[in-house]
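1. here you go, sequence then predicted model.
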Amino acid sequence: MIGIVIAGVGGQGTLLASKILGTLAIEHGYDVRVSEVHGMSQRGGSVITYVRMSIDSPVYSTLVEQEQADAVLAFEKLEALRALPYLKPETGTMIVNTQEILPMPVITGSAKYPEDALETVKAKAAKVVEIDAIGLAEKSGTSRAANVVMLGVLAHSLPFSHEDWMKAIELNVKPKFIEVNKTAFEKGYAFKA
């Protein structure tokens with residue numbers, strides 16, 4: 001059983017990332033369950049998506065329980081901190097986009113953004129990969145492809161070929177955005193932590 005949690009903020013593409021992962025697994029005979037929990041996504045609120053897949057047994061639950069995620073893709077530093085309890089303590093990998101998006105309580109002044117969010121994650125996670133996914137996506141042609149950059153980093157942890165990932169991107173991305181997303185994936189795939 002492989003459990004992946006994708007944590008981000010509304011508009012960052014967590015749902016597209018989960019669709020690409022789900023398609024990839026289904027194409028290879030995995031039993032797959034994908035579930036998303038929306039916060040105030042229209043206003044930049046938290047969005048979390050669970051992807052569970054297994055090649056040798058049925059997947060009954062759509063949720064990844066705490067301490068059961070093999071990987072967490074965190075599209076923002078505070079979301080990495082929020083999703084940390086899902087990560088397997090001894091073996092899980094946290095892939096973190098170094099972007100900061102201020103939540104509404106911080107914007108209104110009623111709370112402070114935790115400046116030590118990434119340090120806390122590093123202290124508690126078995127493995128942390130920090131990446132400027134926005135910067136790499138911009139070099140690919142659009143900052144909106146940061147989610148696919150993150151998938152490129154994750155790809156090395158999953159049993160699918162590079163070509164399999166390209167096909168899944170083609171199946172899930174609108175035709176006019178396929179090439180930019182493929183380029184974004186390549187940037188993440190080539191990233192050395």
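-> Received the coordinates, thanks. Predicted model only: the values in this text are computed from it and were never measured.
2. center of this protein, which residue is that?
-> Against the mean C-alpha coordinate of the chain, by C-alpha atoms, centre = their mean, the closest residue is residue 73 at 3.0 Å.
3. show me the beta-bridge partners of that one.
-> residue 6, residue 95 (DSSP bridges).
4. not counting stretch 134-154 itself, show me its contacts.
-> Residues from elsewhere that reach stretch 134-154 (C-beta atoms under 8 Å, 6 or more residues apart in numbering): 4, 8, 12-14, 16-17, 20-21, 71, 73, 75, 95, 97, 99, 129, 131, 133, 165, 169, 177, 180-181, 183-191, 193. (C-beta placed from N, C-alpha, C; glycine too.)
5. try it again with 7 Å
-> 12-14, 16-17, 20, 71, 73, 75, 95, 97, 99, 129, 131, 133, 169, 180-181, 183-189, 191 (C-beta atoms under 7 Å, 6 or more residues apart in numbering).
6. now these: which count as buried?
-> The neighbour count (16 or more other C-beta atoms under 10 Å) marks 12-14, 16-17, 20, 71, 73, 75, 95, 97, 99, 129, 131, 133, 169, 180-181, 183-189, 191 as buried among the contacts of stretch 134-154.
7. in helices, which of the residues you listed appear?
-> Assigned to helices by DSSP state H, the following of the buried ones among the contacts of stretch 134-154 qualify: 14, 16-17, 20, 133, 169, 180-181, 183-189.
8. so what's the residue count around residue 61?
-> 13 (other C-beta atoms under 10 Å).
9. so residue 83 makes contact with residue 75?
-> No: if you go by C-beta atoms under 7 Å, residue 83 and residue 75 don't touch, sitting 10.0 Å apart.
10. circling back to that earlier point, closest to residue 65 out of the ones in helices among the buried ones among the contacts of stretch 134-154?
-> Residue 65 has its nearest neighbour among these in residue 14, at 18.7 Å by C-beta to C-beta.
11. how about the contacts made by the closest one?
-> 6, 8, 47, 49, 75, 147.
12. take the residues you listed and write them to JSON lines, including pLDDT and distance to residue 108.
-> Output for the contacts of residue 14, formatted as JSON lines (pLDDT from 0 to 100; distance: C-beta to C-beta, whole Å):
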{"residue": "6", "pLDDT": "96", "distance to residue 108": "27"}
{"residue": "8", "pLDDT": "88", "distance to residue 108": "21"}
{"residue": "47", "pLDDT": "85", "distance to residue 108": "20"}
{"residue": "49", "pLDDT": "92", "distance to residue 108": "27"}
{"residue": "75", "pLDDT": "94", "distance to residue 108": "22"}
{"residue": "147", "pLDDT": "96", "distance to residue 108": "27"}
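13. who wins for most neighbours among those?
-> Result: residue 6 is most packed of those (other C-beta under 10 Å), 33 neighbours.
14. isn't that residue up against residue 16?
-> No: the criterion here is C-beta under 7 Å, and residue 6 misses it with residue 16 at 9.8 Å.
15. great, nothing more from me.
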